[in-house]
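*Asks:* build me a model:
(2 chains)
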Amino acid sequence: MHAAWTLKYKPKSLVEVVGNKEAIQQLVDWIKSWDKGIPKKRAAFLYGPPGIGKTVTVEALTADLKMELVEKNASDYRTEEAVKRFAGLASQFGSLFGGKRLVLLDELDGLTGTADKGGVGAITEIIKIAQCPVVLIANNPYDPRFTNLRNYCLLIEFKKPSASEVMKRLKVICETEGIKAEESALKFIAQRSNGDVRSAINDLQALAQGKKALAYEDVSWLGYRDRQETIFNVLRLIFYGKTCQGAKQAADMADVDIDMLFEWIYENVSAHLTDPSDLAKAMDSLSIADLYRGRIRSTQDWSFTRYVIDYMTAGVAMARQNTETHGWIPFKFPERIQMLSRSKTERAMQLSIGYKIKRKCHISANRASKEILPYLKIIFRNNPHMAAGIAKWLDLDIEMVNYLAESKKNADIIAQLLS
Amino acid sequence: MWAEKYRPKTLDEMVNQKEIVERLKSFVKSKNVPHCIFAGPPGTGKTTAALCLARDLYGDVYREHLMELNASDERGINVVRETVKTFARARSIGEIPFKIMILDESDNMTADAQQALRRTMERYTETCRFILCANYSGKIIEPIQSRCAPFRFTFLPREEHDKYLKHIAEKENVKLLKDGLDAIFEVCSGDLRKAINTLQAAASLNKTVDAKVVYSIAGRAHPADVQKMIEIAMNGNFIEARKHLRDMIQKYGVAGSDIIRQIHTEIFRSSIPELWKIKLADIVGEIDYRLVEGADEEVQLSALLARLVEAGYELKKAS
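*Replies:* Predicted structure coming up:
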């Protein structure tokens, strides 16, 4: 039997709610003020990003104060008629059974389209004359449709709980479930959730349910796949990173592979770390990262990749000690890669001559085109006799001779000697 | 091309690498050759030694028992799976039961291809022996290294270098002056192929080869020179210095080991304070070692350039 942990571990009391202590206190004070008669604002408007415990807070509050909760959400008040149907509920101070009542209108953002306009208007009307506390919940209270409504409400902001607050909750869940969880693993989940407690608990359940222990390795693969960053943001995190962990995580976020990321860092490092000693340190880190790439190649042990990442990200980030940050410096595409795609035709010609040399000289076409070709050029430009002899021996065609001789005049003399 | 014309044909003709040649001769005598790695800088006779060994072993028909493959042209795994395997498994006819496969520039093979090669070497040892030529043996995976007899080629000593070039100059009716010879050695630092090419290109300009001609050839063949690069770096312009380096490696194909050796020489020749020279030598040595371990030439050397930028900055601050 596996219940969703978000339900199973839903706070039963306000003390269990993660974070937002201030907002909760504000809400409690307002509710208590009802005991002394109807306050100025008959409704509280709770707002903030999803998954941070707004609804849960209200539910826990009514449980703590033993109030009757009348909960309605978007689908229940889509039209003016629908709203009027429960307007009567709010018009009475207490319930039939004598308890105090709280009306909760959740998911106000769900009101969309023209048909709902009546909905917001009707809600405003109900609040004006409400005889019991009404709580409204939305993500964005500054939506123009709520302009009038806002005037009658006490606005209470709910903020994202910090990672450590989320982590505390995750810890409690693990303890209850009998899971021995590594601190770093929970921290990772908490950080990744970005304050969304609901998604953090969902993640925890997906990763840990049925296990006795949870290690960092079990969760790190989650990565940041759904929050992938562009290469520029990744580079910024590396060049301006303050912590090793932050710079290292940047590598996970990148949408390019490790080797390409390396090229990006290698190309741009000198523009962003301008102090000579910082630059020397950063370049040394890149050099060591590259060294590990060499070791991976020779040993075929790919687990060394982690050191490549350490040095190319954290190593570079930690090199910044004297360089001052000023202004915005643009990132350049790796020139080394660009150079390879440029001047294709010329390289093709060089390579085809390289292949001719290769047949005779026991050297690769690649190297011949770089190492021997420059000498051939000198000979072909200056000594037609020697050139003709070589052209014949290498079996060069007329285009190749033209290329090596450069000028038409030289090429013609060589051609004459050949015929 | 003179470099080819005067390439030794037999092991007896090889003037350098004496100990290596002796060991290879003993292979010929016993008519048995293990898998070998010939490692060393360019122009030191690795390919020549392999070719000579084959010729001495099989006689004039050596081409039938030999295959040469250049890893930097065909470095993919398919080449190993198909070309190499097909050649390796076919039985040899004749007195010697195995053939020889020369894998030149094998440090340029991809890791996958090397893995495939390792299996092929093992499986067809009876029918084929491999000679792997490489600049850096560190770029060859360990399982292959452990299957091979290692041979370390070194640069030609000065006398042998001179003797060889003088011999060629004489045959080609070129007047090679003493300062011309010195200049060639300085420019090519013992890379014989480069030296012969330089000699030939110089001779194409002038029948008398002196230092001036040699330097002009070197300047034209490799316009971006090491000295200038160091100067730019010491003056604080890392990006420009790296551009020089990149040109040298990508456009002119200068080997990283050559560049680092020249930097090493330049440092002790320059006017920087003595204490810094030894500091920099340590860094140069470390980078050289990383190159041997199989890292990327441009990345390693530009890390060195960054150190030079730092050194230049510190010196300026002190003065």
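
*Asks:* which stretches in the stretch 201-319 of chain B count as helices?
*Replies:* B:211-221, B:226-234, B:238-246, B:256-269, B:274-292, B:297-318 (DSSP state H, counting those that start in this stretch).

*Asks:* just want the angle from the second one to helix B:297-318.
*Replies:* Relative orientation of helix B:226-234 versus helix B:297-318 (axes from the mean of the first three to the mean of the last three C-alpha atoms, to 10 degrees): 60 degrees.

*Asks:* can you name the residue of the stretch 1-150 of chain A nearest to chain B?
*Replies:* A:P49 (43.4 Å; C-beta to the nearest C-beta). Just so you know, the C-beta spots here come from the backbone N, C-alpha and C atoms, and that holds for glycine as well.

*Asks:* okay, strands next: where are they in the stretch 101-250 of chain B?
*Replies:* B:128-134, B:149-152, B:175-176, B:208-209 (DSSP state E, counting those that start in this stretch).

*Asks:* as a markdown table, those with mean neighbour count would be great.
*Replies:* Converted to a markdown table, the strands of the stretch 101-250 of chain B look like this (neighbours: other C-beta atoms under 10 Å in any protein chain shown):
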| stretch | mean neighbour count |
| --- | --- |
| strand B:128-134 | 26 |
| strand B:149-152 | 15 |
| strand B:175-176 | 18 |
| strand B:208-209 | 20 |
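
*Asks:* mind checking those strands for the one nearest to chain A?
*Replies:* Comparing these by C-beta to the nearest C-beta, strand B:128-134 comes nearest, at 9.7 Å.

*Asks:* mind checking how far the residue nearest to the spatial centre of chain B is from A:P141?
*Replies:* Taking C-alpha atoms, centre = their mean, the centroid of chain B lies closest to B:P42, which sits 1.3 Å from it. B:P42 sits 73 Å away from A:P141, going by C-beta to C-beta, to the nearest Å.

*Asks:* what do you get for A:T325?
*Replies:* 36 Å.

*Asks:* for B:K5, same thing?
*Replies:* 88 Å.

*Asks:* neighbour count winner among these two?
*Replies:* Taking neighbours as other C-beta atoms under 10 Å in any protein chain shown, B:K5 and A:P141 compare with A:P141 leading, 21 against 12.

*Asks:* next up, the contacts around that one.
*Replies:* A:45, A:47, A:150, A:155 (C-beta atoms under 8 Å, 6 or more residues apart in numbering or on different chains).

*Asks:* how about 10 Å then?
*Replies:* A:45-48, A:108-109, A:147, A:149-150, A:153, A:155-157 (C-beta atoms under 10 Å, 6 or more residues apart in numbering or on different chains).

*Asks:* in TSV: those residues, plus secondary structure.
*Replies:* TSV is the format used below for the contacts of A:P141 (DSSP: H, G, I helix; E, B strand; the rest coil):
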residue	secondary structure
A:F45	strand
A:L46	strand
A:Y47	strand
A:G48	coil
A:L108	helix
A:D109	helix
A:T147	helix
A:L149	helix
A:R150	helix
A:C153	strand
A:L155	strand
A:I156	strand
A:E157	strand
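
*Asks:* and the least confident of the residues you listed?
*Replies:* Of all the contacts of A:P141, A:D109 has the smallest pLDDT value, namely 72.

*Asks:* ok, what's across the strand from whichever residue of the stretch 1-150 of chain B sits closest to chain A?
*Replies:* Residue nearest to chain A within the stretch 1-150 of chain B: B:N70 (3.7 Å; C-beta to the nearest C-beta). Counting by DSSP bridges, B:N70 is bridged to B:D104.

*Asks:* close enough to count as contact, it and A:I363?
*Replies:* Yes. B:N70 sits in contact with A:I363 when judged by C-beta atoms under 10 Å, with a separation of 7.5 Å.

*Asks:* can you map out the strands along the stretch 51-200 of chain A?
*Replies:* A:68-72, A:101-105, A:134-138, A:153-157, A:180-181.

*Asks:* may I have the third one exported as CSV, CA atoms only?
*Replies:* Only the C-alpha atoms of strand A:134-138 are listed here, as CSV (Å, rounded to 0.1, in the frame of the first residue of the first chain):
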residue,chain,number,x,y,z
VAL,A,134,-13.1,34.1,3.7
VAL,A,135,-9.6,33.1,2.5
LEU,A,136,-8.6,33.5,-1.1
ILE,A,137,-5.6,31.8,-2.7
ALA,A,138,-3.9,32.6,-6.0
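
*Asks:* what strands line up against it, and which way round?
*Replies:* strand A:43-47 (parallel), strand A:101-105 (parallel).

*Asks:* can I get the last one in CSV, CA atoms only?
*Replies:* Spelled out, it's strand A:101-105. The C-alpha trace of strand A:101-105 is given here as CSV (Å, rounded to 0.1, in the frame of the first residue of the first chain):
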residue,chain,number,x,y,z
ARG,A,101,-16.7,28.5,9.8
LEU,A,102,-14.0,29.4,7.3
VAL,A,103,-14.7,29.7,3.6
LEU,A,104,-11.7,28.9,1.4
LEU,A,105,-11.7,29.9,-2.3
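
*Asks:* is stretch A:293-311 positioned near chain B?
*Replies:* Yes. For stretch A:293-311, a contact with chain B is found by C-beta under 10 Å from any C-beta of the partner chain, at A:293-302.

*Asks:* quick one: least confident helix or strand in chain B?
*Replies:* Counting by mean pLDDT, DSSP states H and E, chain B has its least confident helix or strand at helix B:77-79, which shows a mean of 72.

*Asks:* give me the contacts around that helix.
*Replies:* Counting by C-beta under 10 Å, 6+ apart, residues outside helix B:77-79 touching it are B:69-71, B:73, B:84-85, B:103, B:109-117.

*Asks:* any low-confidence regions in the stretch 151-300 of chain B?
*Replies:* B:219-224, B:252-253 (pLDDT under 70).

*Asks:* near B:S137, how many other residues are there?
*Replies:* 22.

*Asks:* ok, it - contacts?
*Replies:* A:298, B:37-40, B:106-107, B:144-145, B:148, B:150-152, B:292, B:294.

*Asks:* likewise A:S184?
*Replies:* A:215-217, A:219-220, A:245.

*Asks:* point out the least confident member of the residues you listed, please.
*Replies:* For the contacts of A:S184, the pLDDT minimum is A:S220, 69.

*Asks:* for chain A, what's the longest helix?
*Replies:* helix A:276-299 (DSSP state H).

*Asks:* do you know how far the nearest residue to A:A200 once chain neighbours are set aside is from chain B?
*Replies:* The shortest distance from A:A200 to any non-neighbouring residue, by C-beta to C-beta, 6 or more residues apart in numbering or on different chains, is to A:S193 (3.6 Å). For A:S193, the distance to chain B equals 38 Å [C-beta to the nearest C-beta, to the nearest Å].

*Asks:* all good on my end, thank you.
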